[in-house]
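**Student:** Got a sequence here, can you build the structure:
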Amino acid sequence: MGAQATSDRTARAGWHNWAGTVTASPARTAAPASTDEVADAVRRAAADGLRVKAVGTGHSFTAAAKTEGLMLRPGRLTGIRRVDREEGTVTVAAGTPLKQLNRELAELGLSLTNMGDIMEQTVSGAVSTGTHGTGRDSAAIAAQIVGLELVTAEGAVLRCSRTENPEVFAAARVGLGALGVVTELTFAVEPEFLLTAREEPMPFARVTEEFDQLVATNEHFEFYWFPHTDGCNTKRNNRSQGPARPLPRVRGWIDDEFLSNGVFQAVCSLGKAAPATVPGMARISSRALSARSYTDIPYKVFTSPRRVRFVEMEYALPREAAMAALREVREAVDRSDFRVCFPVEIRTAPVDDITLSTASGRETAYVAVHMYRGTRYEPYFTTVEAIMTAHGGRPHWGKLHTRDAAYLAENYPRFEEFRSLRDRLDPDRLFGNAYLRRVLGD
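**Tutor:** As a prediction, this is how the structure comes out:
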């Protein structure tokens, strides 16, 4: 059976993202297994007057991948393609889930330097929307890319790096799907190492007052504040000489599955049905926090399972503004009738040089707010967004926000550089959709 028959068909069912915030009914779907098949599918879609979007596992909360034209699915474009131990790089197909990449790297004795806390996304989806972890010196996943392959609107294949098509490389690492279809990525990797995680509760006043010091003295620092309480949970990850001391299996299951997913699911369901119970449950939960420490390979420390469905908004702030903004969020929650089950998450990133990275050109701190799926999140998110934008915040590209091109142009110094490159690579907006029209303009 030929490539067209196996990978390109009329859509039989709609698509929706993980949170259920976006649905799509594409006219055609394709599941290409190679770069050549991607290029062929793009050329045929263009000839048939169909717009094209590549979709990952749907962990973006926005409509960044929505299309009524051709939807490219990632299921067959997977796996490690090349390993270069001398150069310290691994090249991987764009549809590879991060969890698969992490496990295969571990089998090779290799690791990414830093990563986010969810590994369900495809590598291309994660980097294209700016997925990040937390780090004093090590930046987001996209900053670890040293090369990529991009199929353009003409169906041509561009190889990009700091020396080959460098202007495309600078932008396409966080390309929003606007410049073409990423088909493979080459990451800088290093020999697998160990991290010691130290997690402990800390009062809100202390962690906000000592934030700069905690960031400066730890390779990876983050914390969670529980709305309606004075309680925070802090996490410090630092490299270790070992030996490995993973969480005991039973303790890990109790903490990460039973409490963080099973019990938390029940708490969120109760809060949805009876919002008045949320503050009391939050206070009980924050008082129940206990310290723990363990040492393991990176992806087992950085990532955690997230089975409770939610919606999320996250803003990247100048790092020096983050604690003031967080205090304003707390004041807003305290004087409102919001009932928030999910903690507010704060992470950091060093400056990077990617055109539309949320950390482009400035030291950054992230403030992320969540609400249980199916609850009314708009008033809370609107209030938080007003605080974030007053401090020059940049919205995470894959999470809910209401910003448009006019706002973003004022907050990204290289915004017009990206738009000009898009005009050159996709003048007819083959890869366009309503989300991109809002955030990039026409």
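
**Student:** center of this protein - which residue?
**Tutor:** Closest to where the C-alpha atoms of the chain average out (C-alpha atoms, centre = their mean) is Thr131, at 2.8 Å.

**Student:** what's around the closest residue to it other than its chain neighbours, how many residues?
**Tutor:** Nearest residue to Thr131, sequence neighbours excluded (C-beta to C-beta, 6 or more residues apart in numbering): Gly116, at 4.8 Å. Any C-beta I mention is one placed from the backbone N, CA and C, and that applies to glycine too. Counted with other C-beta atoms under 10 Å, residues neighbouring Gly116 total 19.

**Student:** for Met323, helix, strand, or coil?
**Tutor:** Three-state assignment for Met323 (DSSP: H, G, I helix; E, B strand; the rest coil): helix.

**Student:** who touches it in this structure?
**Tutor:** By C-beta atoms under 8 Å, 6 or more residues apart in numbering, the residues touching Met323 are 208, 211.

**Student:** so what's Phe310 bridging to?
**Tutor:** Residues in a beta bridge with Phe310, per DSSP bridges, are Tyr372.

**Student:** And the closest residue to Ser25 other than its chain neighbours, how close does it get to Ala143?
**Tutor:** Distances taken as C-beta to C-beta, 6+ apart place Gly14 nearest to Ser25, at 4.6 Å, with adjacent residues excluded. Note on Gly14: its distance to Ala143, by C-beta to C-beta, to the nearest Å, is 35 Å.

**Student:** okay, these two: which has more neighbours?
**Tutor:** Higher neighbour count among Gly14 and Ala143: Ala143, with 24 against 9, using other C-beta under 10 Å.

**Student:** On the three-state scheme, the more buried one is what?
**Tutor:** helix.

**Student:** Grab the nearest non-local neighbour of it.
**Tutor:** Sequence neighbours aside, Asp352 is the residue nearest to Ala143 in space, at 4.6 Å (criterion: C-beta to C-beta, 6+ apart).

**Student:** Correct me if wrong: the one you found contacts Asp137.
**Tutor:** No - with contacts counted by C-beta atoms under 8 Å, Asp352 stays clear of Asp137, the gap being 11.4 Å.

**Student:** For these two, indicate the residue with more neighbours.
**Tutor:** In terms of neighbours (other C-beta under 10 Å), Asp352 is the more surrounded of Asp352 and Asp137; the figures are 20 against 10.

**Student:** List the contacts of the more buried one.
**Tutor:** So Asp352 contacts 139-140, 142-143, 359-360 (C-beta under 8 Å, 6+ apart).

**Student:** Now do the SS call for the nearest residue to Lys272 once chain neighbours are set aside.
**Tutor:** Leaving aside its chain neighbours, Lys272 sits nearest to Thr375 (5.2 Å; criterion: C-beta to C-beta, 6+ apart). Counting by three-state DSSP, the backbone at Thr375 sits in coil.

**Student:** Next, count neighbours for Thr375.
**Tutor:** Around Thr375 there are 18 other residues, counting by other C-beta under 10 Å.

**Student:** Look up how far Thr129 lies from the residue nearest to Ser25.
**Tutor:** Gly14 is 21 Å from Thr129, by C-beta to C-beta.

**Student:** Under the pLDDT cut-off, which ranges of the stretch 251-400 of the chain? List them.
**Tutor:** Along the stretch 251-400 of the chain, the model assigns pLDDT under 70 to residues 251-261.

**Student:** now with 90?
**Tutor:** Across the stretch 251-400 of the chain, the ranges flagged by pLDDT under 90 are 251-273, 275, 277-291, 304-309.
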